[in-house]
Structure formats: structure tokens, C-alpha cells
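J.: Have a look at this prediction, sequence included:
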Amino acid sequence: MAAAAVASPSHAFSHNAPAQGVTARATYGDWRDDLIRDGYVVVKGVIPRERALAYGDEFFSYLEHFAGGLGYKHGELSTVLEKNLPVMSEKGMIFGYGINHEATAWNIRQEPGLISVYEKLHDTPDILVSFDSRNIQWPNRPDQKANTPWPHQDQDPATANQFRCMQGLLNILPNGPEDGDLIVCKGAHASSEEFHRIFKDEPDKVWSWTHEWYGFKPSGMKWLEEKGYEWVKPCAEPGDLILWDSRTPHYNVVPTGKSPRLCFYTCYGPVTDASNEQLKKKKEALESTTGTTHWPNALYVGGLFPMRDGERCKYDTGKPRKEVELTERGWKLTGIPYINDA
Ligand SMILES: [Fe+2]
């Protein structure tokens, strides 16, 4: 079958566009200017508030009925216990259970308002979506270890001179100053190349399972501070999208108020960023309902199994509850129609 035709992405946010996304002048007159300047932006109301809240309800229902219902009750913080829930990290990530391919995740990925933001960002309709996870965090969990800060960037320091990936999360619940979520080092993506030139040979680097991740040590944090950069926590309403350049230092914080934090990671990139082999990996990932990281071009597929009491969680079938259903647009977003079998 012939591969779908591909339109070229914009220069400002395209893969391997040296120095673009940092030095480009602010000429858009919209949120893209903020994104270029600050390395992150909150795009307001990309999907209707009520629909975002409905997606939240779907997820809390999923949790209440998980494995037939283990005891979690939405709105009752005392039931927020690991024994009542799918296994998740203290950082709020859920891996396994085919959760990245649950209907809610796909319905969100296929939201027209969300897709149009990325089409505008990349200036092309030919974009791919990651099969990424979601994040749920509650305040004051008694049986979870502390979520200590792990400031990092999700891009190989050797490529810090170029924009490569726009990360994104769709915010689901009202998210104010006390409600946890992402925090970012505002504008520090612009000094990423300089930073890594200086810290290239730093001793005892923070361990990473991939070269596409870098952890900031106290000395690096001090450098950012002395350079004048500040850490900020963007606030967001249900249906808002937070975007950030992969070079922008970031991590997340647990809510300290009364409400949980819930978001879905939604990263879309130009088809031109993916090789034919990577598109084939996307196909395999969809067919096996395996997740990816935030990279839409399937740089990484699969991951760790959820572990409960020292072994793979017995509730992890690796499958979502229903088969994935895609619209025509959603099918293109998988990248599969762009595979060249010639
Ligand atoms: Fe990250």
C-alpha cells in the first residue's frame, strides 16, 4: 500500500532545526511566542471544560472498578491506598494494564481541539501522537514514598542546541497553586546548550536509563539560579493544555491541598520526525497495545511491568478493557498510514 503523502512541518518547531525555537523572533502573536520565550505555555481551553471533567469521571470510575473493585472510592481520600488501586509510582505514573490504550486515552488523543493545537504548532496536518500514559496524584497518601524532586530534561544533552520535542499534558481537574502538577524552570531551555557545554564532564552524573534524559544535580540547579532562572508552577483549568520544550528543566510536585491532580500526556510531532522503521514500531505498539514514552516517533516502546508485592501485578493483562477504536483522524495519528512498504 502506498504511504500517505506528507506535508512539511514549520521550521520553528521542527526536528533538527538548529537554534530555532529559541532564537526565533516572537512573531506569531499568540501562545507560540510565549512557548518560544519561556519554554512552556498553558494553552487555554483546548477542549471544553465539561468534557475534560467527564474524562476525569471516566478515569475515577475506572479506578473504582479496577480488577472488579478493590476498595477505592472517588472522593474518599482514606481509600487512596496501593492495595485498592493499579500500581503507580510516587510520581503519579501508571504503567501497564494496557492503560495507554484505554478508550479515554484514545478519545482524548482524537479531540479535535487538541489536534488542532499541534497542527498549528508544527504547521502541518501530518502529525503523530505518542501512546503515552497519564498522571494521577493525591495529597497526603499514607502508603507511598515521598515524591522527591527530580529536576530533569527529556532530551539528550548532546542535542541541546536544537528543538526536538514538544511535550504536552492535558489538564483534567481544576489545578491551582496547591494542586500539584508540573513545575518548570522558566526560560531555561534557552541556556540548555550553554549549560551542557559547561557541565559536559561533571562527575557522578545522575543515573539515567536513556541518553535522552538528563538529571540536574544541586550544582546545576545553582547554575540555573545564578543565571536568574526561576521555577514556576503553571496553573490550569480543566481542558487546558500545558506544552513544554523537552529541554526545559521540569519535574512534578504532589498536591498539598485537598484535591487530586490528573492529566493525560499528549505529545504530537511531525510525521517527518519518524523513520519508516519507527513507524513500523508504532504499528507493533498499537497492535500489542503497548505504550510509548512521550516521543511520538516511538523512540521508546514498552517499559516496566507494574510490580506488586515483589512480582508483576496479577491484574496487569497488558490489555485495555475494550479494543482500541479509532476515527479516520485517529488512525492517521498512529502513523501507520505513513508506512512505506515499497
Ligand atoms: Fe519529564
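T.: On my side now, so go ahead.

J.: Determine the number of other residues adjacent to residue 256.
T.: Neighbourhood size, residue 256 [other CB atoms under 10 Å]: 11. Heads up, the C-betas are built off the backbone N, CA and C, glycines and all.

J.: Same question for the one 3 residues further on.
T.: Residue 259 has 16 neighbouring residues, counting by other CB under 10 Å.

J.: from here on, count from 41
T.: In the new count, where the first residue is 41, that last one comes out as residue 299.

J.: who touches it in this structure?
T.: Applying CB atoms under 8 Å, 6 or more residues apart in numbering to residue 299 gives the contacts 179, 213, 214, 219.

J.: Between those, which sits nearest residue 341?
T.: Distance to residue 341 across these (CB to CB) is lowest for residue 213, with 29.3 Å.

J.: Can you tell me the SS state at the closest one?
T.: Of the three states, residue 213 takes coil under DSSP: H, G, I helix; E, B strand; the rest coil.

J.: of the contacts of residue 299, closest to residue 263?
T.: Nearest to residue 263 among the contacts of residue 299, with distances taken as CB to CB, is residue 219, at 29.6 Å.

J.: wait, the closest one sits on residue 213?
T.: Yes - taking contacts as CB atoms under 8 Å, residue 219 lies within contact range of residue 213: 7.3 Å.

J.: next one: phi and psi at the residue positioned nearest the centre of the chain?
T.: In the chain, the C-alpha nearest the mean C-alpha coordinate belongs to residue 305, at 3.5 Å (CA atoms, centre = their mean). Backbone geometry at residue 305, expressed as degrees, to the nearest 10, gives phi -80, psi 130.

J.: Read off the pLDDT value for it.
T.: Residue 305 is assigned 97 on the pLDDT scale.

J.: Is it bridged to anything, and to what?
T.: Here residue 305 sits in beta bridges with residue 209, going by DSSP bridges.

J.: just the helices in the stretch 191-340 of the chain please.
T.: Taking DSSP state H, counting those that start in this stretch, the helices of the stretch 191-340 of the chain run over residues 232-238, 258-266, 316-327.

J.: What residues of stretch 366-376 count as buried?
T.: 370, 372, 373, 374, 375, 376 (16 or more other CB atoms under 10 Å).

J.: What average pLDDT does stretch 174-186 get?
T.: Stretch 174-186 shows a mean pLDDT of 92.

J.: doesn't residue 172 make contact with the residue nearest to the centre of the chain?
T.: Yes - contact criterion CB under 8 Å: residue 305 and residue 172 qualify, at 3.9 Å.

J.: Residue 263: how many residues sit nearby?
T.: Residue 263: 18 surrounding residues under other CB under 10 Å.

J.: ok, back up a step: common neighbours of residue 305 and residue 172, please.
T.: Common neighbours of residue 305 and residue 172 (CB under 8 Å, 6+ apart) are residue 334.

J.: Common neighbours of residue 219 and residue 213, please.
T.: In terms of CB under 8 Å, 6+ apart, residue 219 and residue 213 are both contacted by the residues 299, 301.

J.: who's in contact with residue 205?
T.: Taking CB under 8 Å, 6+ apart, one finds 55, 194, 195, 285, 286, 307, 309, 334, 335, 336 in contact with residue 205.

J.: Mean pLDDT added to the helices of the stretch 191-340 of the chain, as JSON lines?
T.: Listed next are those as JSON lines, based on pLDDT from 0 to 100:
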{"stretch": "helix 232-238", "mean pLDDT": "97"}
{"stretch": "helix 258-266", "mean pLDDT": "98"}
{"stretch": "helix 316-327", "mean pLDDT": "96"}
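
J.: Ok, which of those helices comes nearest residue 99?
T.: In terms of CB to CB, the element of the helices of the stretch 191-340 of the chain nearest to residue 99 is helix 316-327, at 21.2 Å.

J.: Many thanks, we can stop here.
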